[in-house]
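K.L.:
What shape does this take:
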Amino acid sequence: MESRRPVYRPPAPPPARRHRRRVYLRRRILVGLVLGFFVFLLYLGVSLGFALTNQGLGASYSARAAEWGRTNGVGWAVTWVETEWYKLNPAPKGGKPQSNAFKTNPDRIKIPKGVVHTPWPKRVVSPAGTWLPGEGVWHPVGRVTTRGVPAVFVTHLRVDKIHTSQVAGIAWMDSTLLRAQLYSGSFIPGPLPGGKKFQYSAPISPADSKTMVAAFNAGFRIQDGNGGYFTQGITVKLLRKGAASIVVYRNGVMTVGMWGRDVYMTNQVVSVRQNLDLIVDHSKAVAGLDAANSLKWGKVLGGSYNVWRSGIGVTSTGAYVYVGGPALSITSLANLLVLAGAVRGMELDINTDWVQYAYYQGAAGKAINGGNGTNLLTQMSYSPSRFFSTWMNRDFYVMQLVK
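P.N.:
Take a look at the predicted model:
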């Protein structure tokens, strides 16, 4: 009789120990990756939170977030967002400036005989065409020398023929009456090698403020400016031949030129701040400014967008001219430098939060603070006290009276 009982099959052997180890390791790796990802997100969140409360990263939350993004490896995304924003929100075309954009009251300046100073500049031609009342006229500002000679003059101009409601400011500085000093920051250019401290860094000390007349922003972040940085006998970043350079010498004289052609390293050089390439050379705007060239004109937005920009130049008499304002392309910035008399000029920092020039009043020889200052343009984001603040972590220039 045939049996109907099922065929006996022995139970399957338990999984091999090696297989169990693989499964266990896979789970541990997966859990570790998930935990690591969440820890990374937490770090980014905390880091961004601190950045949003850091005044040194910008006057606005958007500027602080942008600086955080560039520092944390997503600068490409920041640049894309800024570019799209400016496409959707272009600088206004046409129109007239505000009624108080230009000072129309004449200044009476009486200079004692025998005082040596650089010949004062002539009225600047308006890039928008015929002058409006007071446009392009220079006015003395800030502290004067002990003999009553002004060392800084300012004027205001419409930026070009298209954006006629937008006004830029220009400051002219007498190199025979002023001494320049580069102040370095913990963020720009970053810490010195070996833990050394910068001799000059914000906040401006009461002693240095006694002769201070003006302060203004320097250039891009070092990693964005395609150039080097030298101060206190230390090369923070290697200087690039051909780069646009602000050079300050031991006697306090400052100049602007191409490194390796107009300016070189000597034992008299105390600081070199490079930023991109010259935009003004031989008293003309250089060719090709409108071309997309991130190495020459900056990878942050490029040169064709009409945004807040700043620049510095040197005239044939050795005077310094600073230009800053809204709705400026790199070409219109260069044109304003040329109109102001620059024979060589370069772009400094750009965007609303980083363009600032301030001049200061006060009795000669007495300490002052930010409350004594006035911005070149009222729309500038920071108050003049910025340069006297402990949180100021970028580099900038200070101009001081020498006579």
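K.L.:
Is residue 254 in contact with residue 181, as I believe?
P.N.:
No - under the criterion of Cβ atoms under 8 Å, residue 254 makes no contact with residue 181, lying 9.0 Å away. Glycine gets a C-beta too; all of them are placed from N, C-alpha and C.
K.L.:
okay, and the common contacts of those two?
P.N.:
Common neighbours of residue 254 and residue 181, counting by Cβ atoms under 8 Å, 6 or more residues apart in numbering, are 248, 397.
K.L.:
Just the mean pLDDT for stretch 188-199, thanks.
P.N.:
Per-region confidence: stretch 188-199 scores 90 on mean pLDDT.
K.L.:
can you give me phi and psi for the nearest residue to residue 331 once chain neighbours are set aside?
P.N.:
Leaving aside its chain neighbours, residue 331 sits nearest to residue 289 (4.7 Å; criterion: Cβ to Cβ, 6 or more residues apart in numbering). When read as degrees, to the nearest 10, the backbone of residue 289 gives phi -60, psi -30.
K.L.:
Tell me which residue lies nearest the centroid of the protein.
P.N.:
Centroid-nearest residue in the chain, with Cα atoms, centre = their mean: residue 349, separated by 2.7 Å.
K.L.:
From residue 114, how far out is it?
P.N.:
To residue 114, residue 349 is 40 Å away according to Cβ to Cβ, to the nearest Å.
K.L.:
The residue nearest to residue 331 contacts residue 330, doesn't it?
P.N.:
Yes - using Cβ under 8 Å, residue 289 is in contact with residue 330, at 5.1 Å.
K.L.:
Could you check which of these two has the larger neighbour count?
P.N.:
Neighbours per residue (other Cβ atoms under 10 Å) separate residue 289 from residue 330, with residue 330 holding more: 27 against 22.
K.L.:
State the pLDDT value of the more buried one.
P.N.:
At residue 330, the model reports a pLDDT of 94.
K.L.:
Also residue 66?
P.N.:
pLDDT, read off for residue 66, is 75.
K.L.:
returning to that earlier point: more neighbours, residue 254 and residue 181?
P.N.:
residue 254 (23 against 20).
K.L.:
Now that one: closest residue in space that isn't a chain neighbour?
P.N.:
Spatial nearest neighbour of residue 254, chain neighbours left out: residue 180 (3.7 Å); criterion: Cβ to Cβ, 6+ apart.
K.L.:
That neighbour belongs to a strand?
P.N.:
Yes - Residue 180: assigned to a strand according to DSSP: H, G, I helix; E, B strand; the rest coil.
K.L.:
Count the residues that sit near it.
P.N.:
23.
K.L.:
bridging residues for it?
P.N.:
Residue 180 has these beta-bridge partners by DSSP bridges: residue 399.
K.L.:
now the end-to-end length of stretch 364-380.
P.N.:
26 Å (Cα to Cα, to the nearest Å).
K.L.:
for it, which positions count as buried?
P.N.:
368, 369, 370, 372, 373, 375, 376, 377, 380 (16 or more other Cβ atoms under 10 Å).
K.L.:
Surely the second one is in contact with residue 212?
P.N.:
What that stands for is residue 369. No - taking contacts as Cβ under 8 Å, residue 369 lies outside contact range of residue 212: 10.0 Å.
K.L.:
Mark out where each domain of the chain begins and ends.
P.N.:
17-88, 139-401 (automatic domain parsing).
K.L.:
Let me have those domains in TSV, extended by distance to residue 95.
P.N.:
Output for the domains of the chain, formatted as TSV (distance: least, Cβ to Cβ, whole Å):
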stretch	distance to residue 95
domain 17-88	19
domain 139-401	3
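K.L.:
Can you say which of those is packed in most?
P.N.:
domain 139-401 (a mean of 20; mean count of other Cβ atoms under 10 Å).
K.L.:
Out of the domains of the chain, which is closest to residue 104?
P.N.:
For residue 104, the closest of those is domain 139-401, at 10.2 Å, according to Cβ to Cβ.
K.L.:
just how off-centre is that closest one within its chain?
P.N.:
Centroid separation between domain 139-401 and its chain, computed with Cα atoms, centre = their mean, to the nearest Å, is 8 Å.
K.L.:
From residue 216, how far out is the nearest residue to residue 97 once chain neighbours are set aside?
P.N.:
Spatial nearest neighbour of residue 97, excluding adjacent residues (Cβ to Cβ, 6+ apart): residue 167 at 4.9 Å. Distance, residue 167 to residue 216, by Cβ to Cβ: 18 Å.
K.L.:
cool, residue 84 as well?
P.N.:
According to Cβ to Cβ, residue 84 stands 30 Å off from residue 216.
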